[in-house]
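>>> here is a sequence with its predicted model. Questions after.
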Amino acid sequence: MFAAVIDRRYSRKMIVRARIVVTMDGKAIEDGAVRVTGNRIVEAGKFSAFASDNNEIIDLGESVLLPGLINAHCHLDYTCLRGKIPRQKSFTNWIRVINAEKAKLTAEDYVTSINAGFAEAQRFGTTTIANLTAFPELIAKINPPIRPWWFAELIDVREPERANEMVESATDSLKRTENWGLAPHAPFTASENLSRDCQEIALRENILLTTHLAESCEEMEMFRDASGPLYQFLKEIGREMTDCGYDTPLRRFLRRLGDASLGGWIVAHLNELSESDFDLLREIRHKFSIAHCPRSHAYFGHVAFQFERLQRLGFNVCLGTDSLASNDDLSLFAEMRAFQKQFPKVPAERILEMVTINPAHALRQENELGRIERGFLADMIALPFTTSENVYQTILNFVGKVPWFMLHGRTVAID
Ligand SMILES: [Zn+2]
């Protein structure tokens, strides 16, 4: 199976050597090496055990070689809003302010913003990114330097009669890309019609779905109590509010989806959970993936993320950066450090899994991405190895531009 999937357009053969190779299947190989043929990893092991076979050797010296990082949730549309939105007193206020900022942007601004976001993510060692865009029609104008999973972010709260047309037109744009999915934005902005359409397409096309769920206490107040600032704001703009006053956001989400279709979802945030929500989560057979965004979470001051409980229940927790409208930069290293500050007992190796093997699984790429292993795509990065402390902690501590980057078997010079 393996030989058949080598992309023969890139027939280059090489051995990449480093002081330590972190494979993400439990091994940290001292004086390690990875053999790459074309776009694929052929083997990883001790450099001394490798026959050179006249292969080109790239010696990275005192470096740690590891899989490229995977960002499970971001919105590159808003890269240009970095520093523009000071912390607000409520989540609803933030929505008002970002809407005002968005109104000033043109299509060209968004293209510039998305391109800048891709370049920044790459500088920080991200090789794959799950990116939500509100402008799928702009995707054709963008040539990403890393692997994108494009999700069309769909909001029909102001025009629910257009739900159908919106999903169709987004799907047309997305189908021209390799990896895509749909993102009914959130239960308060995407109608039931829109979400149902997305789900039908997901089943038909075998694509992924993502959404924001139970992010803020205002969302909880809105759905459970039919009150609060988010409830008032959405009522003012004309949203049909008859689904409020009964359920928690999670219960409402689950009520509308069958258990069987949950496996393909990446649910962003999931902060606001009641005890009865945990009972529901326990019963779910097809556990979805969860994208937690530590620094965006801190920016909004949400209630503590229930990492341990969610993980114990079998949910696949990944990290994301969210957008620069609520974060400082697109570094997953900074995201891992912010997570570690909140959860100091979680080993660094487990945290690194949240930006490698866990998001690979969320994107259904667990046999292609996130590890340095035979047959996997050769997406790798190298960092300086500076101390003799735990190698995983050395990785988490990395700050700055990644000095060495390989995507699809090709080394890339980063600006
Ligand atoms: Zn988001």
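Looks like it came in fine.
>>> element containing the nearest residue to residue 262 once chain neighbours are set aside, please.
Using CB to CB, 6 or more residues apart in numbering and skipping residues adjacent in sequence, the residue nearest residue 262 is residue 286, 4.4 Å away. (Glycine included, C-beta is placed from N, CA and C.) Using DSSP states H and E, residue 286 sits within no helix or strand.
>>> which pLDDT does the model give residue 286?
On pLDDT, residue 286 comes in at 87.
>>> just checking, it touches residue 258?
No: contact criterion CB atoms under 8 Å: residue 286 and residue 258 do not qualify, at 9.2 Å.
>>> could you pick out the longest helix of this protein?
Using DSSP state H, we find that the single longest helix of the chain is helix 107-123.
>>> beyond it, next helix or strand please.
Going down the chain from helix 107-123, the next helix or strand is strand 126-133, by DSSP H and E.
>>> now that next one and helix 107-123, what's the angle there?
150 degrees (axes from the mean of the first three to the mean of the last three CA atoms, to 10 degrees).
>>> show me the contacts for residue 181.
130, 149, 150, 151, 174, 202, 207, 208, 209, 210 (CB atoms under 8 Å, 6 or more residues apart in numbering).
>>> hang on, the last one packs against residue 268?
Looking back up the chat, that one is residue 210. Yes: Residue 210 is within contact range of residue 268, at 6.4 Å (criterion: CB under 8 Å).
>>> any common contacting residues for the two?
With CB under 8 Å, 6+ apart, residue 210 and residue 268 have common neighbours 73, 291.
>>> re the thing from before, which of residue 286 and residue 258 has more neighbours?
Remark: of residue 286 and residue 258, residue 286 carries more neighbours, 13 against 9, as counted by other CB atoms under 10 Å.
>>> separation between that one and residue 369?
Counting by CB to CB, to the nearest Å, the gap from residue 286 to residue 369 is 21 Å.
>>> tell me where the model's unsure across this structure.
1-11, 259-260, 388 (pLDDT under 70).
>>> quick check: domain ranges of it?
3-68+370-411, 69-362 (automatic domain parsing).
>>> for the longest helix of the chain, list the C-alpha coordinates in PDB.
Only the C-alpha atoms of helix 107-123 are listed here, as PDB (Å, rounded to 0.1, in the frame of the first residue of the first chain):
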ATOM      1  CA  ALA A 107     -12.400  41.400  -0.400                       C
ATOM      2  CA  GLU A 108      -8.800  42.400  -1.100                       C
ATOM      3  CA  ASP A 109      -8.200  43.100   2.500                       C
ATOM      4  CA  TYR A 110      -9.400  39.600   3.300                       C
ATOM      5  CA  VAL A 111      -7.200  38.000   0.700                       C
ATOM      6  CA  THR A 112      -4.200  39.900   2.200                       C
ATOM      7  CA  SER A 113      -5.300  38.900   5.700                       C
ATOM      8  CA  ILE A 114      -5.600  35.200   4.800                       C
ATOM      9  CA  ASN A 115      -2.200  35.200   3.000                       C
ATOM     10  CA  ALA A 116      -0.500  36.900   6.000                       C
ATOM     11  CA  GLY A 117      -2.100  34.400   8.300                       C
ATOM     12  CA  PHE A 118      -0.800  31.400   6.300                       C
ATOM     13  CA  ALA A 119       2.700  32.900   6.200                       C
ATOM     14  CA  GLU A 120       2.600  33.500  10.000                       C
ATOM     15  CA  ALA A 121       1.300  30.000  10.800                       C
ATOM     16  CA  GLN A 122       4.200  28.600   8.700                       C
ATOM     17  CA  ARG A 123       6.800  30.700  10.500                       C
END
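>>> who are the packing partners of it?
If contacts are counted by 3 or more CB pairs under 8 Å, 6 or more residues apart in numbering; DSSP states H and E, helix 107-123 sits against strand 69-74, strand 126-133.
>>> what sits against the nearest residue to residue 300 once chain neighbours are set aside?
Nearest non-adjacent residue to residue 300, counting by CB to CB, 6+ apart: residue 91, 6.0 Å away. Residue 91 is in contact with 215, 216, 217, 218, 219, 229, 230, 300, counting by CB under 8 Å, 6+ apart.
>>> one more: residue 323?
74, 75, 76, 77, 78, 79, 81, 296.
>>> any idea how far it lies from residue 85?
Between residue 323 and residue 85 the computed distance is 10 Å (CB to CB).
>>> residue 148: what secondary structure?
Under DSSP: H, G, I helix; E, B strand; the rest coil, residue 148 falls in the strand class.
>>> would you map the strands across the stretch 251-400 of the chain?
Along the stretch 251-400 of the chain, counting by DSSP state E, counting those that start in this stretch, strands occupy 265-269, 289-292, 316-319, 380-384.
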